Structures are given as C-alpha cells and as structure tokens.
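# Fold the following, please.
(one chain, ligands or ions: 1)
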Amino acid sequence: MREWWKDGVIYQIYPRSFQDTTGTGVGDLKGIESRLDYLERLGIDAIWISPIFPSPMKDAGYDVSDYTGIDPTFGTLEDFESLTAAAHARGMKVLLDFVPSHTSDQHPWFQEARASKDSPKRDWYVWRDPGPDGGPPTNWISEFAGPAWTLDEATGQYYLHIFLTEQPSLNWRNPELRAAMYDVMRVWFDRGVDGFRVDAVENMAPDPEAGDNPPNPEWVESMGPARSHLGTNTKHLPVIFEIAREMRAVAEEYDPPRLLVGEAYGEIPQVMKYYGDALDAFQQPFNFLLIEAPWEAETLAGLIADYEAALPEGAWPNWVLGNHDRARIASRVGPAQARNAMLMLLTLRGTPTIYQGDELGMENVAIPPDRVQDPWEKNVPGQGLGRDPVRTPIAWEEAPFGGFSTVEPWLPMDLGAARIVARQEEDEASMLAFTRALLALRKETPALTRGSLEEVRAEGAVLRYTRRLGETRLEVALNTGTTPAEIDLAGALLVSTHPGAEAGGPLRPGEGRVTRAG
Ligand code: NOJ
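Numbers count the residues shown, from 1 in each chain. Below you'll find the model as predicted:
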C-alpha cells in the first residue's frame, strides 16, 4: 500500500501562536482542536505540532524536561488525546516534534547526571575535563553564540551544549540513553501519534575526541557566531545515520510504520544520507534547499533539478519554504510573489510542508526590543538572527488580539485587515482561497502527487516544469520577475495565482499558472 505521506501535505503548527483558549496569551492544544475545521477545509493531510512537552521554555519548548508529558501551558494529556482523536476522525494524521539531540538542564536525567561524576546517568550527557589552559575542551561555538561548553563547578568538568547552556547535549554513544529515547518514541506511537519531525539531527553526535572545528573561510558576521567555524567535528557524523536507522526500526514496529521527518541542514549529498543506504533511515529528511534560495527562475530550476538528480533510487522527495526558524516566505520573496511560492510548493514532486500562516501570506512582524522572546536574538541582538518575527500569532477574527487570545499575546501580532482569517474566508480572491484551491487541485489530480517531474527550466524570469502521469501532462509556469513575460503555455487553465486569468497571454509579474496540456 502506498504510504499516506507520499500524497499528503503536512501543515506545521507552532502551538504557541495558533489559538489560545485559556487567556494566557499563548496558544494551546484545545485551541488547535477548536481550529480543526479550518484545517480540514484548508485540505491538509497531517499536522506537525512543534514541542508541547514540559519545558522551562528557554528555547520555546525545544528544551524538554519531560519527554512523555504535556506542558501545562498547552494543556493536559487528555487534551492531547482529545485533539488526536478529533484529528484522526477527520482523517488527519498527527506528527509531534521529537527533540533527541538535547534535553533541558531541568530534565531529571541531567539533574542526576550532574550530581556526581559517578552518577549512573553521567554518561547520558557529554562531559569533558577542561582543556590544557583550563578553558573549554574544544573551540566549538553554540548555535546561539558563546562557547558550546559550560563548566559545571561542582564536578569540575565541562558539559556540551550545541544550543543554549540550558540545553545540554545528550550522549547518543551511550546504549542506555539510546534505549531510553527509543522508549520515548514508543510511548507516543502507542498514544496514536503518526510520526515525528526529528529535531536537529545533524547535531546528535559531536565528537569531542576529534578536537577543534576549523574556521569557516566563507564566514561573514551576518551568518552569526556559530557559522564562524565549520561543523567538521560536530555535525553529520556517521554514527548519526546508524541512530537514524535504529529510530526507523522503532517506527517500523508499528502498522502502518510511523513517519520520521529528519531536520538536517546541509549540502545535498549530506542530506541524502539521512534516507539511509537502503532507504532504512528517515523516510523524509527535510529538504531545505529552497528555504533561503534567491527567488530567481534560473537558480530555482538548478536547485530543483540538482535535488531530484541526487535522490537515491526509490527515495521520496519533499519541499519546505518556511518554518518557525526562517524568514516568512512572503517577506523573503515579497508579497507579490507569495502566491507563486505556494504554487511551486504544492506542484513540485514530493511531500510539501506548509508553515502555519503562509497560507494567509503572513509576513515577518517587527518585534520591539522589549518584546523579544527568542534567546538567539537576546544573545546576538540586532543582527536579524532572532526568530520571533516569524512566530507571531494568527489573527483569526476582527476582534481584540485577532481572536487569538483574550489578553496581550506572547508576541506582537499583525492585525492588518488583509491578514485576518475571517476576511480572507469571505474573499474568493484571497491567498487563503488560492491555497485551498491549490490543495483541492492536488487532491483531485494524481499527476500532481504521483506524476514525474520533467523539463525543469528557466525561460528568462519564468520557472517552468512539467508533471506527467500516463497520458496526463501538466504544465507549470511562474513568473518570478517584475515585468510581464511572454510564454508559450499550452492547454486548459487549471489554476492561476491571479483570479480571472486565462491560459494564454503573457504572465504578469508574480503570476503563475498550471495548465493541462494532455
Ligand atoms: C531546531 C528547531 O527548529 C529550533 O527552533 C530549535 O531552536 C533548535 N532546533 C534546537 O532544538
């Protein structure tokens, strides 16, 4: 049987900013359940919910202090079970976020580990004696700036944290730790979860014995301090692929096998390794190639073709244009190109993931310094590294706080009329209506899900490709430029970014069309 996720569309929910039902200014699980009708009408197949586990929230929940519980901010286990049942009743799958590379420093495992050098849990984390000068054991820099090692005064050793000081790295070379983490996966699978997005997998097995990381010759300040060195001894180390295979084996204990989507940023060959040599690791290593790519037809065509060509035999592709860590797509490509971006995301070959709000054309929201939440922005202020602008709440209605909450939300929000869901619901020409139309077209057009991807090319500023299944041939053309483009586009119009468009005639700036040519 064909796996559901091959034809499906994943929708990422950032729970803090989806819907608040408890008057805390932070979204919650009941809020998600209350908006399932919206998601069902949108036409997505699965929701991936960013972390909802107990957490001191130093990194918005990516600092987990209990892998099998629910943080009270988001509700209770009963709320989770109710949400899962309601989603399943609508035929929607539920994916959670598994954060294996590190815990919170408040996790009982770390508390136990730091208690003494002889603690049975000591080796579940990465400890080293100080370097020869008494400083950190290696020159590694944390993703959020500063040394990746913190001295634990009581025991005189440094512990590793690829992210915040409060996010100690787990030691995946320890078999007991591995077993404990696989049990965590089983707990959620047994509760009916359909899979995981697996966080920061490239950082799961740094090798302190290999020593310092070399400087990055291409570094410029805007990349942030962590990129000043290459990840030679910290990222994508071979043992990770063994772990990914073991995780997959856990997913395969279930029927149907649970889905694992690995988050690994890297060069194409690097990312492909996460499929596993025998396609026995992650079914879907996230494809971030286009998440920061310049919006130019030639560059896009090149990247799409390179990715397709690099896919191992039988591997299923996927596409991502936005998430809670990267600039909003509508801000990155400009509002005039936002529909084109959605058209591309939903017509390329492979599983798309839509980041919440991108179906509304949400843009980055400016965050005043006194409202900053993201620790990265706090550590390296004013350089544009902070991720709060892309994490702002959804405005559902014309109501105080956009109907997201009854109190001031945890982050400022865009209350512009154009962004409000209820407004877009009433407007057939809205971004929401367009996204729905595209999703509906995908559902009823097997060539868009199962068809081959052919003839990816740039014609001037126009990105073009063909999707073909049997006799059906679909032509996709999108004008990434700022002037009209004459093109030769055959067939009957199936969908256009511009309401009322016709199959023939030049493509307006930001206009994209799909036609059925055969
Ligand atoms: C990647 C997540 O997407 C990001 O939000 C988080 O800060 C890091 N991993 C650390 O868990």
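
# in stretch 312-319, what's buried?
Under the neighbour-count criterion of 16 or more other CB atoms under 10 Å, stretch 312-319 has 315, 317-319 buried. Any C-beta I mention is one placed from the backbone N, CA and C, and that applies to glycine too.

# Columns distance to Phe189 on top of those, output as TSV?
Formatted as TSV, the buried residues of stretch 312-319 follow (distance: CB to CB, whole Å):
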residue	distance to Phe189
Ala315	23
Pro317	25
Asn318	21
Trp319	26
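
# Of those residues, which belong to strands?
318-319 (DSSP state E).

# would you turn the buried residues of stretch 312-319 into a markdown table with pLDDT and distance to the ligand?
Shown next, in a markdown table, are those (pLDDT from 0 to 100; distance: CB to the nearest ligand atom, whole Å):
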| residue | pLDDT | distance to the ligand |
| --- | --- | --- |
| Ala315 | 98 | 23 |
| Pro317 | 98 | 21 |
| Asn318 | 98 | 16 |
| Trp319 | 98 | 17 |
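
# wait, Pro51 sits on Pro100?
No. Using CB atoms under 8 Å, Pro51 makes no contact with Pro100, being 11.9 Å away.

# For this protein, which residues are neighbours of the ligand?
Proximity of the chain to the ligand (CB under 6 Å from any ligand atom) is limited to residues 59, 62, 99, 163, 199-200, 263, 324-325.

# can you rerun that using 5 Å?
59, 62, 163, 199-200, 325 (CB under 5 Å from any ligand atom).

# helix, strand or coil for Ala458?
On the three-state scheme (DSSP: H, G, I helix; E, B strand; the rest coil), Ala458 is labelled strand.

# Do I have it right that it meets Leu303?
No. Using CB under 8 Å, Ala458 makes no contact with Leu303, being 11.2 Å away.

# For the residue of the stretch 201-350 of the chain at minimum distance from the ligand, which residues are in contact?
Across the stretch 201-350 of the chain, the shortest distance to the ligand (CB to the nearest ligand atom) belongs to Asp325, at 4.7 Å. Contact analysis of Asp325 by CB atoms under 8 Å, 6 or more residues apart in numbering lists 387, 390.

# same deal with Phe241?
Contacts of Phe241 by CB under 8 Å, 6+ apart are 273-274, 276-277, 281.

# so which of the residues you listed comes closest to Ala251?
For the contacts of Phe241, the residue nearest Ala251 by CB to CB is Ala281; the value is 10.2 Å.

# Verify the stated contact: that closest one with Glu246.
No. Using CB under 8 Å, Ala281 is not in contact with Glu246; the gap is 9.1 Å.

# Those two: who's more crowded?
Legend: neighbour count by other CB atoms under 10 Å for Ala281 and Glu246, higher for Ala281 (24 against 16).

# can you give me phi and psi for Val495?
Per-residue torsions, Val495: phi -160, psi 150 (degrees, to the nearest 10).

# number of nearby residues for it?
The number of residues packed near Val495 is 20, by other CB under 10 Å.

# Bridged to it, which residues?
Counting by DSSP bridges, Val495 is bridged to Val514.

# Next up, the contacts around it.
343, 437-438, 441, 513-514.

# burial count for the closest residue to Gly460 other than its chain neighbours?
Nearest residue to Gly460, sequence neighbours excluded (CB to CB, 6 or more residues apart in numbering): Ala485, at 5.9 Å. Look at Ala485: counted by other CB under 10 Å, it has 19 neighbours.

# tell me which element the residue of the stretch 401-518 of the chain at minimum distance from the ligand is part of?
The ligand sits closest to Leu411 of the stretch 401-518 of the chain, with a gap of 14.3 Å, by CB to the nearest ligand atom. When elements are assigned from DSSP states H and E, Leu411 belongs to no helix and no strand.
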